[in-house]
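Asks: This is the structure alone, sequence omitted:
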């Protein structure tokens with residue numbers, strides 16, 4: 001019993017906790033949500049949100065939570081952000097940056113026989129599912145959405161290698177969702193890591209290193225800037 005608790009504490013120390021919108025941050029115009037791909041390196045000030053802030057020169061509210069997923073049913077921890085849609089907090093956002101779905105594949109179906117889970121996340125044509133529902137909710141507020149795909153580590157071993165075919169299909173469907181809505185941008189990260197390069201990942205070969213977080217954040221910031229900021 002002690003070992004899992006120690007492991008969980010270590011994760012919180014590594015990734016930190018999500019921000020809450022307060023009076024002092026209410027003028028921020030970019031909200032970031034997601035799982036540990038976004039939360040990694042936050043404790044050292046080198047998370048994805050920090051990279052976006054450096055590139056755009058403005059504050060990003062980071063509400064990402066480690067291990068979050070779309071389908072999470074415990075009420076208290078779910079409301080605290082382990083249910084990914086619960087991370088959304090109303091505000092005068094111009095942009096909401098999101099990632100997610102990987103933990104549903106890993107914890108929901110063990111990266112095997114996950115076709116049903118992929119369908120629950122987003123339909124083949126990109127029109128329905130948990131992700132389009134969240135995007136539609138955010139878009140109704142007037143904000144644009146930038147959705148980041150997951151890193152790959154080509155040529156290297158990863159404990160989540162079995163998830164790759166489902167992650168690739170998720171990327172394809174998110175691209176179809178982007179084709180349906182000009183206010184939704186899908187940013188794949190599948191080509192971000194050079195072949196055989198471990199430097200963009202932590203030693204676990206799942207989460208981004210500070211260099212990886214910077215690369216993700218830089219790509220997101222460039223897309224926001226290209227779309228008119």
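Replies: That came through, no problem. Worth saying up front: this structure is predicted, and the values here are computed from it rather than measured.

Asks: least trustworthy helix or strand in this protein by mean pLDDT?
Replies: When the helices and strands of the chain are scored by mean pLDDT, DSSP states H and E, helix 2-15 comes last with a mean of 42.

Asks: low-confidence ranges in this structure?
Replies: Along the chain, segments meeting pLDDT under 70 span 1-17, 19-25.

Asks: how about the helices of it, start to end?
Replies: Along the chain, the stretches classed as helices by DSSP state H are 2-15, 36-39, 48-56, 75-77, 102-109, 115-121, 130-139, 164-180, 210-226.

Asks: Which among the ones you listed is found nearest to residue 64?
Replies: helix 36-39 (3.7 Å; C-beta to C-beta). Placement of C-beta: from N, CA and C, glycine included.

Asks: buried sites along the closest one?
Replies: 36, 37, 38, 39 (16 or more other C-beta atoms under 10 Å).

Asks: Let me see the backbone angles for the residue nearest to the second one when sequence neighbours are not counted.
Replies: To tie it back to what came earlier, the one meant is residue 37. The spatial neighbour of residue 37 that comes closest, neighbours along the chain excluded (C-beta to C-beta, 6 or more residues apart in numbering), is residue 99 at 5.4 Å. Backbone torsions of residue 99, given as degrees, to the nearest 10, read phi -140, psi 170.

Asks: quick one: contacts for the residue nearest to the spatial centre of the chain?
Replies: Nearest residue to the geometric centre of the chain (C-alpha atoms, centre = their mean): residue 99, 2.2 Å. Shown in contact with residue 99 (C-beta atoms under 8 Å, 6 or more residues apart in numbering): 33, 34, 35, 37, 38, 64, 147, 148, 149, 150.

Asks: Give me the contact list for stretch 220-228.
Replies: 30, 48, 51-52, 55-56, 95, 97, 144, 146, 148, 185, 187.

Asks: Mind listing what's buried along it?
Replies: 220, 221, 223, 224.

Asks: Roughly how far does the residue nearest to residue 37 sit from residue 145?
Replies: 11 Å (C-beta to C-beta, to the nearest Å).

Asks: for residue 156, same thing?
Replies: 31 Å.

Asks: Over to residue 54?
Replies: 22 Å.

Asks: the more surrounded of the two?
Replies: residue 145 (23 against 15; other C-beta atoms under 10 Å).

Asks: quick one: contacts for the more buried one?
Replies: Counting by C-beta under 8 Å, 6+ apart, the residues that residue 145 touches are 95, 96, 97, 98, 135, 138, 139, 183, 184, 185.

Asks: Equivalent analysis for residue 101, please.
Replies: Contacts of residue 101 by C-beta under 8 Å, 6+ apart are 69, 70, 121, 122, 131, 170.

Asks: Go again with 10 Å.
Replies: Counting by C-beta atoms under 10 Å, 6 or more residues apart in numbering, residue 101 touches 34-35, 69-71, 84, 108, 117-118, 120-122, 129-131, 147, 149-150, 163, 166-167, 170-171, 173-174.
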